[in-house]
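Participant: here's my sequence, what's the structure:
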Amino acid sequence: MMSRIAVLMQKLPPETDAALIQSDVNRRYFTGMQSSAGTVLCFRDAAYLLIDFRYIEKAKQCVKDCTVIEQHDLQEQIRELLQKHHAHTLSMESMTMTLSQFSKLKKDLGSQVQLDCSDTLSRVIYDCRTVKSDEEIEKIRSAQRIAEIAFEDILTFLRPGVSERDVMLRLNQTMMEHGSDGESFPTIALTGTATSMPHGVPSADRLVQEGDFVLMDYGATVDGYHSDMTRTVCVGQPSEKMQMVYETVYLAQAAALRAAKAGMTGRELDKCARDVIEEAGYGVNFGHSLGHGVGLEIHEYPNASPGSQRVLEPGNVVTVEPGIYLPGEFGVRIEDFVVIREDGCENLTKAPKHLMVLD
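Facilitator: Below is the predicted model of the structure:
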């Protein structure tokens, strides 16, 4: 099996002699090592990780597919390696490199090489990362199992008088206790009228009250890979309108899950859920996209959005999270995430999602 670096260089245009990778998440993807520093320099016949003294011992132990070099004078070391491999063109991560980093590199390398500051390298890297290997999917699956343990626990904790912040802390603590590296993103836990804010911030002052919806959007991480789920439950009896809105979101998600498969575009998948919500008269209350890719980052490509023409491929991991948000009243979101397969999808989320009424 080809290494990830070999696949990357094969996908780059033939005129590209070398690629420079410095963003944390992409460095981790290609080397397997988490660190806050380091530079990966890739050629068609070799690859190097230049990293400082703080990480050198760890790098020599765990990094594969790269020759590990202790960093002393980064620009000079890059210059020497470019000369060694007779490289004349160097491609960079335009989507993550700052203008100051580019200016410094251009100044230090002078006219020795031509710098490619187009989005070519970033685009190819994202293309590589969108299709997950079986190993990557297993890590995502493990993260999701941890998140679901936290969901089972929180159902025993929710009651009138508990604050949003209490709910958030309980979810986070339970995930850490069961092996999560950390939260996938700042945990969202909202109650009552605050549930109408898709990405509201939990408050210590807002308390769960009888008859409230509680919306929880959160995830765990395992070896850098994220999970992502949202569940909305009711503490006490919901109103008839709350039940109707919940059922609409549930049916919208079900329609998208039935349809999801390789070969359709992100726009087509989004439309499957959006049509159900629009037919129910709540189209204006579903203002975000249906979903996004998940992996080493919580938001990756591909997207399932009204503007996405990208064709879904086997191995893509995508969230399916329709929602309806009624300002000043309440909101409902239900989120699973799936692996796209040739003839359908595999739902990685096993937590129940019928309307749960907690007495």
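Participant: please make it C-alpha for all contacts and neighbour counts, starting now.
Facilitator: Fine.
Participant: okay, buried residues for the lowest-mean-pLDDT helix or strand in the chain please.
Facilitator: The helix or strand of the chain with the poorest confidence is helix 99-109; it has a mean of 86 (mean pLDDT, DSSP states H and E). Of the residues in helix 99-109, Phe102, Leu109 count as buried by neighbour count, 16 or more other CA atoms under 10 Å.
Participant: show me what the following helix or strand past that helix is packed against.
Facilitator: Moving toward the C-terminus from helix 99-109, the next helix or strand (DSSP states H and E) is strand 114-116. In this structure, strand 114-116 makes packing contacts with strand 89-92, judged by 3 or more CA pairs under 8 Å, 6 or more residues apart in numbering; DSSP states H and E.
Participant: from the chain's centroid, how far away is the strand it packs on?
Facilitator: Strand 89-92 has its C-alpha centroid displaced from the chain centroid by 27 Å (CA atoms, centre = their mean, to the nearest Å).
Participant: partner strands of that strand, with direction?
Facilitator: For strand 89-92, the paired strands and their directions (DSSP bridges) read strand 18-21 (parallel), strand 114-116 (parallel).
Participant: what's the most buried one of these?
Facilitator: Neighbour counts (mean count of other CA atoms under 10 Å) averaged over each of the strands paired with strand 89-92 peak at strand 18-21, with a mean of 23.
Participant: residues in contact with the helix or strand following that strand?
Facilitator: Past strand 18-21, heading to the C-terminal end, the next element that is a helix or strand (DSSP H and E) is helix 24-31. Defining contact as CA atoms under 8 Å, 6 or more residues apart in numbering, one finds that helix 24-31 is touched by 4-5, 21, 33-40, 63-66, 125, 296-297.
Participant: tell me which element Gly161 falls in.
Facilitator: For Gly161, no secondary-structure element claims it when assigned by DSSP H and E, so it is in no helix or strand.
Participant: what's it sitting at in phi/psi?
Facilitator: Recorded main-chain torsions at Gly161 are phi 100, psi -10, according to degrees, to the nearest 10.
Participant: can you tell me how far it sits from Asn347?
Facilitator: From Gly161 over to Asn347 the distance is 34 Å, taken as CA to CA, to the nearest Å.
Participant: OK, contacts around the residue most central in space within the chain?
Facilitator: In the chain, the residue lying closest to the centroid (CA atoms, centre = their mean) is Ile298, at 2.0 Å. Remark: with contacts taken as CA under 8 Å, 6+ apart, Ile298 is in contact with Ser184, Phe185, His226, Ser227, Asp228.
Participant: cutoff 7 Å now
Facilitator: Ser184, His226 (CA atoms under 7 Å, 6 or more residues apart in numbering).
Participant: Gly283 touches Ala273, doesn't it?
Facilitator: No. Under the contact definition of CA atoms under 7 Å, Gly283 does not touch Ala273, with a separation of 10.3 Å.
Participant: in the stretch 151-300 of the chain, where is pLDDT below threshold?
Facilitator: Counting by pLDDT under 70, the stretch 151-300 of the chain contains no low-confidence residues.
Participant: in it, which spans are helices?
Facilitator: Applying DSSP state H, counting those that start in this stretch to the stretch 151-300 of the chain gives helices spanning 164-177, 240-259, 266-279.
Participant: which of the ones you listed sits closest to Asp134?
Facilitator: Using CA to CA as the criterion, the shortest distance between Asp134 and the helices of the stretch 151-300 of the chain is 20.9 Å, found for helix 240-259.
Participant: quick revisit: how about the backbone phi and psi for the residue nearest to the centre of the chain?
Facilitator: Here is the backbone geometry of Ile298 (degrees, to the nearest 10): phi -70, psi -30.
Participant: now it: how far from Asp108?
Facilitator: Plainly put, Ile298 is 35 Å away from Asp108 if you go by CA to CA.
Participant: would you reformat the strands paired with strand 89-92 as CSV and include distance to Ser103 and mean pLDDT?
Facilitator: CSV is the format used below for the strands paired with strand 89-92 (distance: least, CA to CA, whole Å; pLDDT from 0 to 100):
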stretch, distance to Ser103, mean pLDDT
strand 18-21, 15, 96
strand 114-116, 11, 89
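Participant: need those strands in TSV with distance to Leu49, can you?
Facilitator: Compiled in TSV, the strands paired with strand 89-92 are given as follows (distance: least, CA to CA, whole Å):
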stretch	distance to Leu49
strand 18-21	9
strand 114-116	20
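Participant: nearest to Leu326, of the ones you listed?
Facilitator: When the strands paired with strand 89-92 are ranked by distance to Leu326, counting by CA to CA, first place goes to strand 18-21 at 43.9 Å.
Participant: so what's the residue count around Leu171?
Facilitator: The burial metric for Leu171, expressed as a neighbour count using other CA atoms under 10 Å, is 28.
Participant: which residue packs closest to Thr96, ignoring adjacent ones?
Facilitator: Ser23 (6.6 Å; CA to CA, 6 or more residues apart in numbering).
Participant: what's the spacing between the one you found and Val284?
Facilitator: Taking CA to CA as the measure, Ser23 and Val284 are separated by 38 Å.
Participant: higher neighbour count, these two?
Facilitator: Comparing Ser23 with Val284 by other CA under 10 Å, the one with more neighbours is Ser23, at 17 against 11.
Participant: and that one, how far from Thr120?
Facilitator: The spacing between Ser23 and Thr120, counted by CA to CA, is 15 Å.
Participant: cool, and Val25?
Facilitator: Here Val25 is placed at a distance of 17 Å from Thr120 (CA to CA).
Participant: give me the element Arg123 is part of.
Facilitator: Taking DSSP H and E as the criterion, Arg123 maps to helix 120-130.
Participant: fine, thanks again, bye for now.
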